[in-house]
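S.K.: Generate coordinates for the sequence data below:
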Amino acid sequence: MPGKQRRVSALAIGVGIAAIIAIVLVIVLLIEWLKPGPTPPVVPGPSSSSAPPSSSAPARPESQPASCPDVEVIAVPGTWESKSTDDPLHPTANPNSLILKVSGPLQKAYPSPRAEVWTTPYVAQLSNPVAIPPDGQATYQVSRTEGDKKTRAQIEKVYAKCKLTSFLLMGFSQGAVIAGDIASDIGNGRGPIPSENVLGVGLISDGRRVPGEAKSVGPNPPGVGAEVAFKGLAIGGLELRGPRAGGFGDLGDKTYSLCGQHDPICNEPKDIFDANAISQTLPKVQAVLTANSHALYATTKDWIYEGESAVQWMNGWADGLVSKAPKPKHS
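M.R.: Predicted structure coming up:
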């Protein structure tokens, strides 16, 4: 075989092997996500690209009904942290839900009408896409679609009556993708409310994370969310959609995205499918999987900032926003 042909063949074989390794890594990662832990692991959430543009915001009134909260806190739990039938005002589906560790103290500190804390009740499941036989769980696509629809419906319901109410959105893992998708739509003028009505957005372990699109404190690793790294992967109801169109738009300065160094949901090598970089990305993926910290945000083992865990930091951040939020006149 001529030298040139041998080189071409060797290159083709090398690219093919790299592609196979990448596919195996994806399957390994999927299975790793599904391993039980102190708090069950989670994956990303729904796409916002199909959301219809919102109509022009009406003129803001001078007052609103007395039943309207000053602040509507929207908390979206992660996988296996909620149920479709849960009570959104008094959730009990999973008392150990990580996002409840943030929203719970707010609910105690700011009773209605200063703040209403509403927790999205959705199936919050993730079927193993490679399980044989199927494990009986709802698929990621079904789960995040329900979470997205219910969250949007609540925001629209409150805003329809309470034009002066401020909104605070937060979520963890699958819930962070859901909350982040809605925030992206709002910030880019295609969401259910005007961006001026949003106090802030807090995301912990966002599966569609792209460094620089939101503010960050703590580790802020260089990788991207799993949905971004594995964009286009569709297997068994697990559809990964890549980065958000337009990022967070006008809400970029109001959005905080927290991610640990060893969390495979929000910190994957962005060039994971680059055959030329596989020798560098493979060790990175292995290191993240080995020290998977996805369930540890209530601790300082992998995420720490000025001595606080991600939960503690977000507690303080959210409390500060609610305490300083406007107090609309009531009619």
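S.K.: can we go C-alpha only for contacts and neighbour counts from here?
M.R.: OK.
S.K.: From what I see, Arg244 and Ser184 are in contact.
M.R.: Yes: between Arg244 and Ser184 there is a contact at 7.0 Å, judged by CA atoms under 8 Å.
S.K.: and the two? which has more neighbours close in?
M.R.: Ser184 (27 against 21; other CA atoms under 10 Å).
S.K.: Just list the residues touching Ser309, thanks.
M.R.: 297-300, 303 (CA atoms under 8 Å, 6 or more residues apart in numbering).
S.K.: which one is it nearest to, not counting chain neighbours?
M.R.: The shortest distance from Ser309 to any residue other than its chain neighbours is 4.8 Å, reached at Thr300 (CA to CA, 6 or more residues apart in numbering).
S.K.: how about that neighbour, what does it touch?
M.R.: Counted by CA under 8 Å, 6+ apart, Thr300 has contacts 307-310.
S.K.: got it, and Ser331?
M.R.: 63-66.
S.K.: now it: how far from Ala310?
M.R.: 39 Å (CA to CA, to the nearest Å).
S.K.: With Ile155 instead?
M.R.: From Ile155 to Ala310 the distance is 25 Å (CA to CA).
S.K.: higher neighbour count, the two?
M.R.: Counted by other CA under 10 Å, Ile155 and Ala310 do not tie: Ala310 has more neighbours, with 24 against 20.
S.K.: measure that one to Asp135 for me?
M.R.: 32 Å.
S.K.: Write the PyMOL selection for whichever of the contacts of Ser331 are buried.
M.R.: Listed next is the PyMOL selection for buried residues among the contacts of Ser331, using 16 or more other CA atoms under 10 Å:
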select buried, resi 64
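S.K.: Just the ones in strands from the contacts of Ser331, please.
M.R.: Among those, DSSP state E puts 63-64 in strands.
S.K.: which among the contacts of Ser331 gets closest to Cys266?
M.R.: Gln64 (39.5 Å; CA to CA).
S.K.: My guess is the closest one contacts Ala160. True?
M.R.: No: assessed by CA under 8 Å, Gln64 is found out of contact with Ala160, at 10.9 Å.
S.K.: circling back to that earlier point, only whichever of the contacts of Ser309 are buried, select them in PyMOL.
M.R.: Buried members of the contacts of Ser309, defined by 16+ other CA under 10 Å, are picked up in PyMOL with:
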select buried, resi 297+298+300+303
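S.K.: Could you find the closest non-adjacent residue to Phe230?
M.R.: Distances taken as CA to CA, 6+ apart place Leu240 nearest to Phe230, at 6.6 Å, with adjacent residues excluded.
S.K.: which residues sit in contact with the one you found?
M.R.: 44, 226-228, 230-234.
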